[in-house]
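>>> sharing a model that was predicted from the sequence below.
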Amino acid sequence: MSPASAPAVRARAVLPGFRLTLGTTVLYLSIIVLIPIIALVLTGAGIGPGRLWAIITAPRTLASLRITITAAALATVINALYGLLMAWVLVRYRFPGRRLLDALMDIPFALPTAVAGLSLTALYSANGWFGAVLEPAGIQVVYTLGGIVLAMSFTSIPFVVRAVQPVLEELDPALEQAAASLGSRGFTTFRRVIFPAVMPAWLGGVTTSFARSLGEFGAVVFIAGNLPFKTEIASLLAYIRLEEYDYEGAAAIALVLMVLALVLLFLSNLVQLRAARHGAVTA
C-alpha cells in the first residue's frame, strides 16, 4: 500500500472530548459566577421597584455610591498612567533589579487586601513613616478620600501593567523603525504608532482596574475610617446592612455595583473591538 493511499491516522486528543470538557467548564462557571449573579438579580427583583428605588436613592446610599465611584475613578486615572509607564519600563529597558520589580507588580494579587489596608493605615497614620511627615504639613491621608484612592490604586494597579506588558513585548520594532525613517520622532512615534497598537489592551486593563476598585472592601475598610457621608464606600454599606439583617438593602446596593461593573465591561469590550478593527483597517 502506497503512503498516499494509507488511511489517515486520527490524532488522539490529550484532553477528554469536547462535550465533557465543555460541560465541565460551563458547570464550574455556573456554580462560581452565573448562579450567584442570577441569585443577586432575583433577590433584587423580588424587592419590588418602589422599595428598590427607595433604597438606592436614600441619602446615605447615594453618598456611599458617590464616594465609591469618585475614588475608583481617581484610582483608575492613576493606574492608567502609571501602569502604562511601568509596562514600558519593564519591556523596553534592561537594568539591575528589573526581574524583582516585575515580580513586585504581582504582590497586590498575592497579598490579602486586609493586610494591604492595615499596612497602608500604619504607614500613613499620624505615627507612621509617611504620616509623620505628611500630617505636620497639613496633608492627611488616613480617614479621607485620598486614603481610599490610595488603597484602591494599590489593589488594582497590576491589571493595567499585565494587560499592556505582553502587547508591548510582541510589538514589532520594525514599526518604530519605519516611523523613524519617515521623520517621526519621540512622542509622535509613541502617539501614532505604539499607543494605537496597545490601546485595546490598555483599555481592557483600565476598565478591569476600575471594576475591581468599585468592589474593593478589605484594603479600604481600615484606611477609610468608614464615616457615613464622608468615607463610607458602597461595599462597606452593604456589609453594614447585612449586619443589621437588612438583606434587601444589602442586595440592592450589591446589585447597583454589579450593574455598574457589567456596563463598564461591556463598554470596554465594545471600545476594544472598534479599536482593533480600526487598527486592522489602517494596517
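Happy to help now that I have it.

>>> host element of the closest residue to residue 164 other than its chain neighbours?
Excluding the flanking residues, the one nearest residue 164 by CB to CB, 6 or more residues apart in numbering is residue 87, at 4.0 Å. C-beta: built from backbone N, CA, C; applies to glycine. Assigned by DSSP states H and E, residue 87 belongs to helix 59-92.

>>> so for that helix, mean pLDDT?
On average, the pLDDT along helix 59-92 is 93.

>>> with stretch 250-266 instead?
In this model, stretch 250-266 carries a mean pLDDT of 88.

>>> how far out from the middle of the chain is that stretch?
Distance, stretch centre to chain centre, for stretch 250-266: 14 Å (CA atoms, centre = their mean, to the nearest Å).

>>> got a list of what the spatially most central residue of the chain touches?
When CA atoms, centre = their mean is applied to the chain, the residue found nearest the centroid is residue 209 (1.9 Å). Shown in contact with residue 209 (CB atoms under 8 Å, 6 or more residues apart in numbering): 75-76, 79-80, 83, 156-157, 159-160.

>>> separation between it and residue 153?
Per CB to CB, to the nearest Å, residue 209 is found 9 Å from residue 153.

>>> can you check which residues contact both of the two?
When contacts are counted by CB under 8 Å, 6+ apart, residue 209 and residue 153 are jointly contacted by 75, 79.

>>> hang on, the earlier thing: any chance of the contacts of residue 209 in TSV, plus neighbour count and distance to residue 193?
Shown next, in TSV, are the contacts of residue 209 (neighbours: other CB atoms under 10 Å; distance: CB to CB, whole Å):
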residue	neighbour count	distance to residue 193
75	26	29
76	28	25
79	28	24
80	19	20
83	27	20
156	27	28
157	22	26
159	24	24
160	30	20
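
>>> helices and strands around the helix holding residue 87, which ones?
helix 98-104, helix 145-170, helix 195-214, helix 234-243, helix 247-282 (3 or more CB pairs under 8 Å, 6 or more residues apart in numbering; DSSP states H and E).

>>> so which of those helices gets nearest residue 228?
helix 234-243 (8.3 Å; CB to CB).

>>> now that closest one: buried residues?
Buried residues in helix 234-243, counting neighbours by 16 or more other CB atoms under 10 Å, are found at 234-241.

>>> low-confidence stretches in this structure?
For the chain, applying pLDDT under 70 flags the ranges 1-16, 176, 180-184, 186, 275-276, 278-283.

>>> about what we covered before: how distant is the helix holding residue 87 from the center of its chain?
With CA atoms, centre = their mean as the basis, helix 59-92 stands 9 Å off its chain's centre.

>>> now, among the buried residues of helix 234-243, which is nearest to residue 94?
Using CB to CB, residue 235 is the member of the buried residues of helix 234-243 that lies nearest residue 94, at 41.0 Å.

>>> ok, and the closest non-adjacent residue to the closest one?
Closest residue in space to residue 235, ignoring its immediate chain neighbours: residue 217 at 4.4 Å, by CB to CB, 6+ apart.

>>> where's that neighbour relative to residue 119, distance?
In this view, residue 217 and residue 119 are 16 Å apart by CB to CB.

>>> so can I have CSV of the buried residues of helix 234-243 showing distance to residue 142?
Shown next, in CSV, are the buried residues of helix 234-243 (distance: CB to CB, whole Å):
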residue, distance to residue 142
234, 20
235, 19
236, 16
237, 20
238, 23
239, 20
240, 20
241, 25
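
>>> which residues sit against stretch 87-106?
Contacts for stretch 87-106 (CB under 8 Å, 6+ apart): 86, 157-158, 160-162, 164-165, 168-169.

>>> among these, which two are most distant?
Using CB to CB, those span at most 18.8 Å, a distance reached by 157 and 169.

>>> so residue 135 touches residue 128, yeah?
No - applying CB atoms under 8 Å as the test, residue 135 and residue 128 come out as separate, 9.1 Å apart.

>>> on that earlier part again, which one of the helices and strands packed on helix 59-92 lies closest to residue 40?
For residue 40, the closest of the helices and strands packed on helix 59-92 is helix 247-282, at 5.9 Å, according to CB to CB.

>>> so what's the residue nearest to residue 75 when sequence neighbours are not counted up against?
Nearest non-adjacent residue to residue 75, counting by CB to CB, 6+ apart: residue 152, 3.8 Å away. If you count contacts by CB under 8 Å, 6+ apart, residue 152 has them with 71-72, 75, 213, 216, 219-220.

>>> hmm, 6 Å instead?
71-72, 75, 213, 216 (CB atoms under 6 Å, 6 or more residues apart in numbering).
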